[in-house]
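Novice: pasting the sequence and the predicted model now:
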Amino acid sequence: MKTHHALLALSLASSLVIAPTIAAEDFLSGDGFSFDSSEIEVSEPHWTDGFKTTLEHSHTQIPGDPNRSQSSVQLVYEGNLAEGWYLKLDTRYRYFYEDDDLAERRGGAYGKNKWQRAWLQYSKASCTATAGRQTLIWGTVEGTFVTDIVTPFDYTEQLLTDYGNVRLPQDMLVGECFLPVGQLQAFYTPEARTDIFQHHRLRVEFAPGFPPADLSIEAGEEFGLRYKWHGSKVDLSVMAARLYDNTVTPVYFGPSMDSTNSGGSPLAALLGPAILAVTGTPDFGLRPELARFDLVGMATSIALGRLLLKAEVAHRDHQLVAISGEHTERVDAAFGFEYTTSGNHLFNAGIWGTHYSNDSVEDDDTQIFTVGWRKTYLNDDLTMSLLGNWSSSPRFAGATVLAEYQWNDYWNTALALSVADLSELEFDIPILPAEESATVSIKYEF
């Protein structure tokens, strides 16, 4: 009897499970719910899919005078050409209106095109080779440039809160292989570029009556090698390179210091000939020189939960002392950290110190402190960021707060406010045009 009841219960349960399934299948098979997968249209990939165009206008206002007024159009293409081959092209044309500082120094409004990326990459197994215009970033401590000196800067671009905006790409060949516990990278640059401050030859008058110095100069080839070891919580990089300085050094030529009773003072050697008025067209002045040096460096990062500690150190065996042209060695070191909070606030800070071995170098020990912050809001449509810097020589301090809002897939606007203390500066610096400034930009992408 128990067996009979058990079989009856099992039969009833099976009918309850199977019946709804059959009913659902019958219901969905009706004419109103027919589904034909052949009706789905799948577009074939096209070579034009990799194009993106960006139109932008930006304006920077300082008290009483516009500082920057520029419009630009940028065209980017990237995509696979064939198996293992990848191409990226990025060109940008900027127009500088007549009230832009760069246009005023040049003598009027003008336009300038710049290839920001133009490289072809081939990948095979765990190695890649990339040839063309590109940037190469070394180092670990954000905002310090101890080992991260392979790529120069373009100061005609505006630095707000991202150093990537002022990187100057150059024509390079970069090879990279990813090993089981590390990464090996080598680069070669046939004609290295130097920092850009304006779009015409750089001529500087250091004193009234002193012949203007043309500080435009070209560098030669550069090459280097880096090995990066990856641990579970520690990364360690060692690098060596033959490089040129990214910024020229003005060196005095002409009558000796003794002829002006200078007592060995570089400043007297600079101004003495002008004061004595040797001739109407004196054979003296300043010439640009680029130090070529060997760089040996090391960088590391250690992960401790949400905290990332960073450090790097480097030695340059040959540097030039401004005006006198004497040789000196240089040692740089930097320490910093990154910390991400549970609310996704990203903080970073670093301190960078430089020491010259030659006692004749004025301020042979300098320090720079940098701090940054970044956070997204409103479903990642609003991005807030901050960059602050303090330097002991030349002595200045500045901070910029940037707000960027993505309205939709096409429109983006940004507002940046900058404040600085430049009271002790004897000359302008390109990253901080004034003690107060405001920047507004609008972009349209399609």
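Specialist: That came in fine, so what should we check first?
Novice: from here on, contacts and neighbour counts on C-alpha atoms
Specialist: Fine.
Novice: now do the contacts for residue 244.
Specialist: 192, 219-220, 222, 290-293 (CA atoms under 8 Å, 6 or more residues apart in numbering).
Novice: which pLDDT value goes with it?
Specialist: The per-residue pLDDT reported for residue 244 equals 97.
Novice: ok, it to residue 228 distance?
Specialist: The gap separating residue 244 from residue 228 is 23 Å, by CA to CA, to the nearest Å.
Novice: list the beta-bridge partners for residue 310.
Specialist: Applying DSSP bridges to residue 310 yields these beta-bridge partners: residue 301, residue 336.
Novice: neighbours around it, how many?
Specialist: For residue 310, the tally of surrounding residues (other CA atoms under 10 Å) stands at 23.
Novice: do residue 415 as well
Specialist: When counting by other CA under 10 Å, one arrives at 18 neighbours for residue 415.
Novice: not counting its neighbours along the chain, what's nearest it?
Specialist: residue 440 (4.7 Å; CA to CA, 6 or more residues apart in numbering).
Novice: again with residue 350
Specialist: Ranked by CA to CA, 6+ apart and with sequence neighbours excluded, the top spatial neighbour of residue 350 is residue 336, at 3.9 Å.
Novice: contact partners for the one you found?
Specialist: Counting by CA under 8 Å, 6+ apart, residue 336 makes contact with 141-142, 309-311, 348-351.
Novice: by neighbours, which of these wins?
Specialist: In terms of neighbours by other CA under 10 Å, the contacts of residue 336 top out with residue 141 at 29 neighbours.
Novice: measure that residue to residue 371 for me?
Specialist: Distance of residue 141 to residue 371, computed by CA to CA: 11 Å.
Novice: overlap in contacts of the two?
Specialist: Here residue 141 and residue 371 share the contacting residues residue 350, scored by CA under 8 Å, 6+ apart.
Novice: hmm, who's touching the helix or strand in which residue 175 is found?
Specialist: For residue 175, the enclosing helix or strand under DSSP states H and E is strand 170-179. When contacts are defined by CA under 8 Å, 6+ apart, strand 170-179 is touched by residues 126-135, 151, 183-193.
Novice: with stretch 152-161 instead?
Specialist: The list of residues contacting stretch 152-161 from outside it, by CA under 8 Å, 6+ apart, reads 102, 165-169, 193-199, 246, 372, 385-387, 400-402, 416, 430-431.
Novice: buried members of these into PyMOL, please.
Specialist: Here is the PyMOL command that selects the buried residues among the contacts of stretch 152-161 (16 or more other CA atoms under 10 Å):
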select buried, resi 102+166+167+168+169+193+194+195+196+197+198+246+372+385+386+387+400+401+402+416
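Novice: before we move on, back to that, right, and the helix or strand after the strand holding residue 175?
Specialist: Beyond strand 170-179 on the C-terminal side, the first helix or strand identified by DSSP H and E is strand 182-189.
Novice: any idea how far that following strand is from the chain center?
Specialist: Centroid separation between strand 182-189 and its chain, computed with CA atoms, centre = their mean, to the nearest Å, is 19 Å.
Novice: try stretch 142-150
Specialist: 10 Å.
Novice: could I have that stretch exported to PDB, CA atoms only?
Specialist: Taking Å, rounded to 0.1, in the frame of the first residue of the first chain, the C-alpha atoms of stretch 142-150 are listed here in PDB:
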ATOM      1  CA  GLU A 142      53.900  60.700 -10.700                       C
ATOM      2  CA  GLY A 143      55.000  64.300 -11.300                       C
ATOM      3  CA  THR A 144      58.700  63.700 -10.800                       C
ATOM      4  CA  PHE A 145      61.200  63.200 -13.600                       C
ATOM      5  CA  VAL A 146      64.100  61.200 -12.200                       C
ATOM      6  CA  THR A 147      64.100  58.400 -14.800                       C
ATOM      7  CA  ASP A 148      61.100  59.600 -16.900                       C
ATOM      8  CA  ILE A 149      63.200  61.800 -19.200                       C
ATOM      9  CA  VAL A 150      63.200  59.900 -22.500                       C
END
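Novice: mean confidence for that stretch?
Specialist: For stretch 142-150, the mean confidence score works out to 96.
Novice: surely residue 164 forms part of a strand?
Specialist: No: the assignment for residue 164 by DSSP: H, G, I helix; E, B strand; the rest coil gives helix, which leaves it out of any strand.
Novice: look up how far residue 225 lies from it.
Specialist: Here residue 164 is placed at a distance of 22 Å from residue 225 (CA to CA).
Novice: mind putting the contacts of residue 336 in CSV, distance to residue 395 included?
Specialist: CSV is the format used below for those (distance: CA to CA, whole Å):
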residue, distance to residue 395
141, 21
142, 20
309, 27
310, 25
311, 24
348, 22
349, 19
350, 17
351, 15
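Novice: out of the residues you listed, who's nearest residue 67?
Specialist: Comparing those against residue 67 with CA to CA places residue 142 closest, at 27.0 Å.
Novice: okay, and residue 115 sits in which element?
Specialist: Secondary-structure assignment from DSSP H and E places residue 115 in strand 110-124.
Novice: convert that strand to PDB, retaining C-alpha atoms only.
Specialist: Listed next in PDB are the C-alpha coordinates belonging to strand 110-124 (Å, rounded to 0.1, in the frame of the first residue of the first chain):
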ATOM      1  CA  TYR A 110      48.800  81.400 -37.000                       C
ATOM      2  CA  GLY A 111      48.000  77.700 -37.400                       C
ATOM      3  CA  LYS A 112      50.200  74.700 -36.600                       C
ATOM      4  CA  ASN A 113      49.700  71.000 -37.200                       C
ATOM      5  CA  LYS A 114      51.200  68.300 -35.000                       C
ATOM      6  CA  TRP A 115      51.400  64.500 -35.400                       C
ATOM      7  CA  GLN A 116      50.800  63.300 -31.800                       C
ATOM      8  CA  ARG A 117      50.900  59.600 -32.800                       C
ATOM      9  CA  ALA A 118      51.900  57.900 -36.100                       C
ATOM     10  CA  TRP A 119      53.100  54.400 -35.400                       C
ATOM     11  CA  LEU A 120      52.900  50.800 -36.700                       C
ATOM     12  CA  GLN A 121      53.200  47.900 -34.300                       C
ATOM     13  CA  TYR A 122      53.900  44.200 -35.000                       C
ATOM     14  CA  SER A 123      53.100  41.600 -32.400                       C
ATOM     15  CA  LYS A 124      54.400  38.100 -32.300                       C
END
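Novice: and it with strand 170-179, angle?
Specialist: Strand 110-124 runs at 30 degrees relative to strand 170-179, counting by axes from the mean of the first three to the mean of the last three CA atoms, to 10 degrees.
Novice: what residues sit buried inside strand 110-124?
Specialist: Judged by neighbour count (16+ other CA under 10 Å), strand 110-124 contains these buried residues: 110, 115-123.
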